[in-house]
Every structure is written in C-alpha cells, then in structure tokens.
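Enquirer: Build me a model:
(2 chains)
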Amino acid sequence: MDIRVKNVQKYFGGFHALRGVNLDIASGELLALLGPSGSGKTTLLRAIAGLEPLDGGQIMFGDADATRLTVQQRKVGFVFQQYALFKHMTIADNIAFGLKVRSKAERPSADTIHKRVAELLELVQLGGLEKRYPSQLSGGQKQRVALARALAIEPRVLLLDEPFGALDAKVRKDLRRWLRKLHRETGYTTIFVTHDQEEALELADRVVVMNKGQIEQVGTTDEVYDRPRTPFVFDFLGTPNILPGYVTGGRIHLTGAVAPIGTTALAADRGTVDIYARPGDFEVVEGDAAALPGTVVEAQRTGFLVRLTVQLQNGSGDQTIEIEIPHPDPDIRVWRIGDPIRVKPVRFSTFPRDAQDLPPLPAAPVPEAIVEHAVAERRARTRA
Amino acid sequence: MSALDTAPREPAKLPFEPLIQTNAVITEQPWIRWMLIATALLFLAVFLFMPLVSVFVEALRKGVQAYFDSFTNTDTLSAVKLTLIAAGIAVPANLVFGLCAAWAIAKFDFRGKQLLITLIDLPFSVSPVVAGLIYVLIFGSHGWAGPWASDHDIKVIFAVPGIVLATIFVTFPFIARELIPLMQELGSDDEQAALSLGASGWQTFWHVTLPNIRWGLLYGVLLCNARAMGEFGAVSVVSGHIRGLTNTMPLQIEILYNDYQFVSAFSVASLLALLALVTLGAKSFLEWHYADQLAATRRH
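Expert: Down below sits the predicted model:
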C-alpha cells in the first residue's frame, strides 16, 4: 500500500515541528527518515501512525484519506525505541495481544492465534522462548519481539522509531542485516527513523533527509550521497571540506587555483560559491594548475588509508582540510609533516555562497573528462 | 580518627578469607554508632511500642471474656459498622478519583494541571478539624447548601453522609499521590503500543495500564484505608456524636473512655491497633517485594 504525505503541519505549542512536509512512499519499499534531533522525523513517523494529530495537511493510505482515522483504525505496526513490551505478559501473550483485542467478529480462533504466534516467533528466530517474560530477554531479543508483535496484526505499513538506538554496536550491526533480510522476505512497506547516517545508507531503499521540520532531499542512497541537494545533506552524510571558489564563464574555480576544476551549464557569472568535497574525494596531483598548493600538517595512517591534514595556501587566509588517500607504496612516497603537496577535489558539490537554501548549481558532477580536457588545453597552450 | 587504619592489610588467602572492608573514612566510632541506634530505639520504644503494647494490656486487663464482651454492645457494633461503611465508600471513591487524576496528570498537559496537583495535596496541609468544619459550614443549617439540603430532606451534617464526605476529604490524596509519580515514570509508550495494535481505550486501561500500576495502587489503597478507618478529627466535627447512629470506631472509643469503660475502650482500640499492624505488615511486604514499582519507596 503506498502512502502519500501531503503538506502536513504540526505545532507543539509554539514550536513548528513539521513545516509543510510532502512525501510519497511506494508500496513495499524500505524508507529511512534521517536527520538530527529536532528535525521532525519522529513526529512525521508518529503522524503517519496516527499517534500525533496534525494541524494541517493530509495523509493518504492508498486512495483513502487516513488523516481522520484513529490509530486503531489505521492498522499500522509501530515499533518503539524502548520496545514498550508489556512487562507482565509472556512473549507469546505480547505477540498475540493485537489479535486478542479484536472485536468478537474479527478475532481469529484461539488455535489460529497460537499458530500465528509460533510462526512469528520462528520468523524472528526466537522459537522456544514463548513462556519467557520481557525482563528475561536481552535488548536485541526484546526488539525482535516488538517487531513480531507489530507484524502479528498484518499491518499495512511497518513503522520503526530508532529501532536499534538502544542497542550496542555489535547487536546493532547484526540486527540491521537481519532487518534487511526480513524486509526482503516479507515485503512490508517499512519506514524507519534514524539519526545514524550509516544505518540509513546501509538499510534503506530510499533516504529522506530532514532538517528543522522540512525535507531537504529524498533519493536513493547513491543520490543523497553522491548528489546532495543542499549543504545540509552533504554535511550530514559525511564530513565535508568546504573550499571557497568562484564561477566565471561557466567554469568553476577554486579560489587560489589557476585552472578550473569543473564546468557548469550556466554560462553567466555566479560569483562566489562554496565547494564541498569529502576527504576521500581528493587527489594528490603534481603540477596541475587546477590544484591548490599546501603543506602537510599531520599525517595519520588508518588501515589502508592515510589521513592527511593539509594547510592550504589558497589566498583567502590559511585553511586546513582533511583528505584521505590510499596508502601509497612506501618505496615511492611517504608523507611527512612539512611536505609540500598539491591537492584537488575530483568529486564535489557546488553551492552558492550566500543563499544556502538554494539548490546547487547544476555542475557537472564528476568533471574528470572536463579537467583532463582543460589540462590538455593548457598543455597545448604552453607548448604552443 | 582512630578508625582510620593505615596499616596495610594482609591480602586475602583465597578462597576462604574475605578482605575486611570498612569505609573507614565516613564511619563513626563504634560507641557513637551504638549511642545513635540506642537513642532511636528508645524513642521508638517510648512513643510507639509502649503505647501499642499498653492498648493490648489494658484491653485484656479483665481477662479474655471481658475483651469479647466489649463487642456485644450494640452501640459499639454500630460504630464498627459505620467505620466499615465510611471506609467502604471512601476508598473506592478515592480509588476512582486517584486513577483519573493520575492518568490525566501523567499523560496529558492541560491548563490548570499544576493547580490540580496542588489541590490534591490540600487535605494534607489542612487540619482535620478544619476539614470537618468545611462541611458544617456548607451543609449546616446556616450554611450555603443547608437550606437546599433541608428542602430536599437530605441530612448531611450529624448524619452518615457527612461522615462519609469528611472521610473522603481527608483520604483524598493517598492514592493519587502514590500513582502520579509512578505513572509519570512509566510514561505512555506501553499505552501507545497497545492502541497501535488495535486495542480500545478500555482494553488498554485494563490490560496494560492497570497491571503496570497494580502494586502502587494496592499500596495507595492500603494507606487510604488505614487513614479512613482511623480518622478522628474531621469526623468528630461533622458527626454529632449520636450514639448508635453517627459514631465511628475512633469516636466510640472516645465515648467509652469518657464513660470510664476503660476495658471496652481499649478493646475497640485494639481493633484499630490490629488494623495498624496488619497495614504495616502488608506495606512492608509490598515495599520489600515490589520496591521497583512503588513510587513511595523512591520518594523516601
């Protein structure tokens, strides 16, 4: 069942938690709501569930308007961050709860309920623990019981509120993998909330990045990581280096470099821009006019990468950036503090300097070919 | 002080000899410790234990038969009956009220919430005599609702309804105060989970909320009951002391004592003392067994 969120508004007293959020969720997809605390992601999730009444907008379940439906009528499966298992009931009773509270007309027979509970326990790999109480389970097991309980009612959509937030790292990794497998097997439309970008990128089909009650970007994991729409999205999904630059004549230049590092389809001058590049997207080059000169200030070896802190001389005061490059062959090159270096971003996003909420310039995303072309051009010019 | 032992201890010879651990820095010398304990025990003995024992001693002074004869007096029997009626109405009434108030306060935000919380604590700060006087002022013949009451032929003051009202007033806060912090701490996640699974409001309350608060509820009911049965001041003001009609057990004890019927007085008093002991025992058991689910133990 697909879900459409249309221009929803939510206030908590004076605080504007959701500012006109629009979102289309396809049936059967695994969607992540990603953002920092206060971004409205949990509020949005709870609004879809019916646990938060809205101050404006609509929520459509398929073709029906679900905005006025109570939480019971919506038939959603909600999994809480702290599991919210019923402490005084056994696991079997917990899972059966949703089926037992149905009205006489809809309630399945005791036998059917029993079978379904057994099925679900097998599905979440907790078979044999029916008679246990929640207090006798580990965190990971409790989370799986909460999931089974939500699945028991055959919900139209599965909603998970920071499902792995309360677990330690190893359990979290295992459960992530397990959830992905479960989603593939059962095919429920699933929406989960997280503040962990690694989790969102690893699990989701699509990621919704939210900030201050608004959606910054919706896209596949590749889209949000490689083609971020706003500086916030770039910043949230990794640690960018921000380099000043300018655009003239359709070419993007780093301030302090001679040649352009990329082109933009917009021919007109766009003035100053910020160029965002991740540490792993830099290249160390020799004699490239598009690169920036700098000095190595710190060098740290981490596995097969070397993390270098480089102090750039790019004219606008000294700026330090962090880059990561594959560990070079020690016979050829080892970076020491004080070494001069020339670096250049090969993958980057360009955002207008002063209007942070405007979309980025439609720059060519991976300007390798263009740069090569520019370098060849320059060589041709110098030779001539 | 000299309790500080700076000499190095011998390492424990495993596995039998444990290291002797004393937090030497904050422990008093033994004689100070014993003196403090002795003072506390003396205080308890004089002000608590001796009066309690003397109640039973006086009650049994003329023998066991006289003890049981005290309860054949019809006035005494009606007093016992009236106490049971008053408690029997006050406790359930305060149970319902306490649950509603705790539910509203713990799970919702509304204007006047703080005022409600303050009002709930009011009966604790008001003298019981004043509490009784309130009802006299309202329902007495010169009170606000007095003429209305007599027009409708309802006797409130100097009759059972007044006693019940006064008892409800003074035992008002017990259950609510026990449940509010408990429910605030529990939060509403469990209830939201139940609702999302399709349970109605009533099903959620019965299957999820109530089991979560049951021990705190029992604790509050216990305290409420003990106070309801033992209330003297407020009931005394509204009662009128009409023998056989408007006397509760505490009032009856006073009457018997003033009539120089000491054995009877103490016999009835022993009933209240027994109630106190049973309440104390049940309270301790609940605290010991379900401490994690009782707000009161956390508060103290």
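
Enquirer: Point out where the chain drops to low pLDDT.
Expert: Assuming you mean chain A. Flagging of chain A using pLDDT under 70 yields the residue ranges A:265-270, A:314-317, A:328-333, A:354-384.

Enquirer: my bad, chain B
Expert: Looking at chain B by pLDDT under 70, you get B:1-26, B:28, B:292-300.

Enquirer: Break it down into its structural domains.
Expert: Residue ranges for each domain of chain B read B:1-59, B:62-293, as given by automatic domain parsing.

Enquirer: Would you mind putting those into JSON lines with mean neighbour count and distance to A:Val171 alongside?
Expert: From N, CA and C alone the C-beta is placed, and that goes for glycine too. What follows is these, written out as JSON lines (neighbours: other C-beta atoms under 10 Å in any protein chain shown; distance: least, C-beta to C-beta, whole Å):
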{"stretch": "domain B:1-59", "mean neighbour count": "10", "distance to A:Val171": "35"}
{"stretch": "domain B:62-293", "mean neighbour count": "18", "distance to A:Val171": "21"}
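
Enquirer: So for chain A, which of the ones you listed sits nearest?
Expert: domain B:62-293 (3.6 Å; C-beta to the nearest C-beta).

Enquirer: what distance separates the closest one from the middle of the whole chain?
Expert: From the chain centre to the centre of domain B:62-293 is a distance of 8 Å (C-alpha atoms, centre = their mean, to the nearest Å).

Enquirer: In the stretch 251-384 of chain A, mark out all the helices, start to finish.
Expert: Here the stretch 251-384 of chain A has its helices, by DSSP state H, counting those that start in this stretch, at A:368-383.

Enquirer: Run through the neighbouring helices and strands of whichever helix in chain A runs longest.
Expert: Counting residues, the longest helix found in chain A (DSSP state H) is helix A:169-186. Where contact means 3 or more C-beta pairs under 8 Å, 6 or more residues apart in numbering or on different chains; DSSP states H and E, helix A:169-186 is packed against helix A:110-123, helix A:139-152, helix A:197-203.

Enquirer: gap between it and the chain center?
Expert: Distance, centroid of helix A:169-186 to centroid of chain: 17 Å (C-alpha atoms, centre = their mean).

Enquirer: ok so, going back, Serialize the helices and strands packed on helix A:169-186 to TSV and add fields for mean neighbour count and distance to chain B.
Expert: Below are the helices and strands packed on helix A:169-186 laid out as TSV (neighbours: other C-beta atoms under 10 Å in any protein chain shown; distance: least, C-beta to the nearest C-beta, whole Å):
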stretch	mean neighbour count	distance to chain B
helix A:110-123	15	13
helix A:139-152	23	7
helix A:197-203	19	22
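
Enquirer: will you turn these into TSV that also has distance to B:Ser78?
Expert: Shown next, in TSV, are the helices and strands packed on helix A:169-186 (distance: least, C-beta to C-beta, whole Å):
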stretch	distance to B:Ser78
helix A:110-123	52
helix A:139-152	55
helix A:197-203	71
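
Enquirer: Tell me which of these lies nearest to A:Thr70.
Expert: helix A:139-152 (17.2 Å; C-beta to C-beta).

Enquirer: Could you identify the helix or strand that succeeds that closest one?
Expert: strand A:157-161 (DSSP states H and E).

Enquirer: Once you drop chain neighbours, what's closest to the spatially most central residue of chain B?
Expert: The centre of chain B sits closest to B:Leu223, judged by C-alpha atoms, centre = their mean, with a distance of 2.6 Å. Counting by C-beta to C-beta, 6 or more residues apart in numbering or on different chains, B:Leu223 lies nearest to B:Phe174, which is 4.7 Å off, once chain neighbours are set aside.

Enquirer: what does chain B put close to chain A?
Expert: Selection of chain B residues close to chain A by C-beta under 8 Å from any C-beta of the partner chain yields B:189-190, B:192-200, B:203, B:207-208, B:211-212.

Enquirer: repeat that for 7 Å
Expert: Chain B has residues B:189-190, B:192-193, B:195-199, B:203, B:208, B:211-212 near chain A, with proximity defined as C-beta under 7 Å from any C-beta of the partner chain.

Enquirer: In strands only, show me the residues you listed.
Expert: In strands, defined here by DSSP state E, there are no members of the residues of chain B next to chain A.

Enquirer: want to try CSV for those, with distance to A:Ile59 as columns?
Expert: Shown next, in CSV, are the residues of chain B next to chain A (distance: C-beta to C-beta, whole Å):
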residue, distance to A:Ile59
B:Asp189, 22
B:Asp190, 25
B:Gln192, 17
B:Ala193, 20
B:Leu195, 17
B:Ser196, 15
B:Leu197, 19
B:Gly198, 18
B:Ala199, 22
B:Gln203, 25
B:Val208, 26
B:Pro211, 33
B:Asn212, 31
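
Enquirer: Closest one of the residues you listed to B:Arg111?
Expert: B:Gln192 (23.3 Å).

Enquirer: so the closest one touches A:Leu51, yeah?
Expert: Yes: B:Gln192 lies in contact with A:Leu51 (C-beta atoms under 7 Å); the separation is 5.6 Å.

Enquirer: list the contacts for B:Val164?
Expert: Taking C-beta atoms under 7 Å, 6 or more residues apart in numbering or on different chains as the criterion, B:Val164 is in contact with B:86, B:89-90.

Enquirer: Next, it: secondary structure please.
Expert: Secondary structure, DSSP: H, G, I helix; E, B strand; the rest coil: B:Val164 is helix.

Enquirer: gap between it and B:Val136?
Expert: Going from B:Val164 to B:Val136 by C-beta to C-beta, to the nearest Å gives 15 Å.

Enquirer: What's the nearest residue in the stretch 151-300 of chain A when you look at chain B?
Expert: Proximity of the stretch 151-300 of chain A to chain B (C-beta to the nearest C-beta) peaks at A:Ile153, 5.9 Å away.

Enquirer: what does the stretch 201-350 of chain A have sitting close to chain B?
Expert: Counting by C-beta under 7 Å from any C-beta, no residue of the stretch 201-350 of chain A sits close to chain B.

Enquirer: Can you show me the strands along the stretch 201-350 of chain A?
Expert: All strands of the stretch 201-350 of chain A, identified by DSSP state E, counting those that start in this stretch, fall at A:206-211, A:214-220, A:241-248, A:251-254, A:262-263, A:271-277, A:282-284, A:292-302, A:305-313, A:318-326, A:340-345, A:349-352.

Enquirer: out of those strands, which comes closest to B:Val237?
Expert: Comparison of the strands of the stretch 201-350 of chain A against B:Val237 by C-beta to C-beta identifies strand A:206-211 as nearest, at 62.8 Å.
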